[in-house]
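*Asks:* Sequence first, predicted coordinates after that:
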Amino acid sequence: MVSIANVRSKLGQELIATPVPSVSDDGSMDVEQLAEALAQLVLADADLDELVAAIGKALRAHVAVTTTDGRERAALIDDAMRERLKEASLTDETGRLRVEWIGEWYGRENQPVTGARVHRLALTAPNQALGHLVAVVERDLTDVELAALQRAATAIALWVTREQAVSAVENKYRGDFLRDVFLGRAGAEEFVREHVVGFGWDLGGPMVVLAAQIDPQPSYQPAASVEDRRHWQERFANAWRQVAAGIDKGIPIADFGSEVVAVLPAADPDATAELVRRLVHAVAGDKGGGRRPFTAGVGRVTGGPAGLPDSYAQARRAVDVGRRFRGGSTTTWFDELGLHRLIAMVPDVAELRAFAYDVLGELAESTEEAATLRETLQVLLNTNFNVAEAARTQFFHYNTMRYRVGKLERLLGPVASDQNLRLDVAVALKVLEVVTR
């Protein structure tokens with residue numbers, strides 16, 4: 001009995017074996033025959049490397065298929081040409097092709113590469129950008145070759161569209177399961193470990209959770225549409241998947257809609273720190289090609305799947321607190337949060353807020369006057385209530401600072417002389433910063 005899979009496999013082998021026409025020395029070729037051969041490769045489930053190889057051979061060119069922001073998905077570029085692209089500043093330090101610097105496919109206004117021409121064709125589907133087809137040739141392409149390059153881009157776009165449809169289903173299933181793990185409802189540890197093996201993931205041994213979120217837009221920029229934000233998140237998640245796969249295909253990556261989450265091996269603290277640095281650096285790149293700035297947080301190490309919910313919650317808190325106190329485009333480890341780490345581990349936010357209001361009273365209000373006095377209070381705490389130094393720090397007259405100290409003591413009590421009260425006030429200020437974020 002012949003199975004459908006066997007028939008499909010045999011058909012695929014026959015289709016892939018279909019010869020792909022090449023350009024002749026005079027630049028002539030059968031464009032329709034090339035388009036048909038590439039379409040057959042797509043139908044035969046050829047992978048992207050095979051398509052790129054076929055295009056490179058047909059056009060006698062160096063070829064790469066990239067994401068919308070220039071990360072290579074597949075490429076046929078030798079080391080010598082890569083060096084020439086680097087010399088022309090067409091790649092950044094992470095290896096990303098600076099597609100935004102390359103002219104349109106017709107090659108009339110492209111970045112110069114010594115002795116070669118660089119062509120970029122946008123890969124598109126209706127209302128969606130899919131990436132780019134980049135071809136580097138050491139000659140001027142004829143009109144026939146340019147037409148063939150266009151048809152090649154169409155074939156690649158068809159492949160990417162099909163791949164996206166399949167990946168969307170797979171990624172949603174994997175993401176849903178990982179979310180269940182983080183919510184503690186995926187089942188016993190042994191079941192979880194065995195189940196994720198089918199995804200190509202490894203949840204054995206010490207692990208940490210990394211969460212990454214695109215930073216909010218600056219207030220001076222026009223607000224992005226819902227569609228734009230969705231596309232940003234899709235590109236962001238795809239970038240994490242691609243970068244992680246290039247390092248270790250066993251790293252679990254999931255897109256939770258507003259954040260990307262990864263589970264990283266943590267047997268060696270130094271190796272884990274270097275892995276986080278490599279991932280963040282590669283995803284961030286040089287911010288070209290439409291890359292969005294983002295903030296990452298890393299939770300504490302856990303020995304197995306049962307501890308992943310806590311590590312995930314810690315990673316998210318590290319993102320929130322790190323962005324608030326260190327700014328965007330940063331990476332914060334939960335264990336580096338100091339006092340904020342202890343505050344973050346108190347589950348009852350209402351109790352935290354009540355503590356801050358009990359200690360600070362009127363200073364806990366959201367008025368401008370209260371905020372100004374809190375700022376002065378923090379400076380005084382930082383200077384151990386050295387009035388002269390605090391006045392210099394805030395550019396106040398000494399008597400003005402003395403007046404403020406008197407007002408603060410009327411509101412709080414003898415905070416300048418009572419060490420225990422001073423400790424309560426310092427903690428309350430930190431709590432207020434966290435609960436009002």
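*Replies:* Now that the structure is in, tell me what you want to look at.

*Asks:* Just the helices from the stretch 51-200 of the chain, written as ranges.
*Replies:* 79-87, 143-182, 189-197 (DSSP state H, counting those that start in this stretch).

*Asks:* L279 contacts V243, doesn't it?
*Replies:* Yes - counting by C-beta atoms under 8 Å, L279 does reach V243; the two are 5.9 Å apart. In short, each C-beta sits where N, CA and C put it, glycine included.

*Asks:* Check the gap between N384 and N399 for me.
*Replies:* Using C-beta to C-beta, to the nearest Å, N384 is found at 20 Å from N399.

*Asks:* Please apply the same query to L363.
*Replies:* Counting by C-beta to C-beta, the gap from L363 to N399 is 22 Å.

*Asks:* more crowded one of the two?
*Replies:* Between L363 and N399, counting by other C-beta atoms under 10 Å, L363 is the more crowded of the two (23 against 10).

*Asks:* Next up, the contacts around that one.
*Replies:* Taking C-beta atoms under 8 Å, 6 or more residues apart in numbering as the contact definition, L363 lies against A370, L373, R374, L377, L408, L411, L412.

*Asks:* The first one sits in which helix or strand?
*Replies:* What that stands for is A370. helix 368-382 (DSSP states H and E).

*Asks:* Can you name the next helix or strand after that helix?
*Replies:* Next along the chain after helix 368-382, taking DSSP H and E as the criterion, comes helix 387-394.

*Asks:* what about that next one, average pLDDT?
*Replies:* The pLDDT scores in helix 387-394 average 91.

*Asks:* A239 belongs to a strand, doesn't it?
*Replies:* No - residue state for A239 (DSSP: H, G, I helix; E, B strand; the rest coil) corresponds to helix; a strand is not indicated.

*Asks:* List the residues that contact the residue lying closest to it once chain neighbours are set aside.
*Replies:* Nearest-residue entry for A239: V283, 5.0 Å, with adjacent residues in sequence omitted and distances by C-beta to C-beta, 6 or more residues apart in numbering. By C-beta under 8 Å, 6+ apart, the contact set of V283 is A212, F236, A239, W240, V243, R291, F294.

*Asks:* okay, the residues you listed in JSON lines with distance to D143 and pLDDT next?
*Replies:* As requested, the contacts of V283 are arranged in JSON lines below (distance: C-beta to C-beta, whole Å; pLDDT from 0 to 100):
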{"residue": "A212", "distance to D143": "45", "pLDDT": "96"}
{"residue": "F236", "distance to D143": "39", "pLDDT": "92"}
{"residue": "A239", "distance to D143": "36", "pLDDT": "90"}
{"residue": "W240", "distance to D143": "41", "pLDDT": "94"}
{"residue": "V243", "distance to D143": "38", "pLDDT": "91"}
{"residue": "R291", "distance to D143": "35", "pLDDT": "81"}
{"residue": "F294", "distance to D143": "43", "pLDDT": "95"}
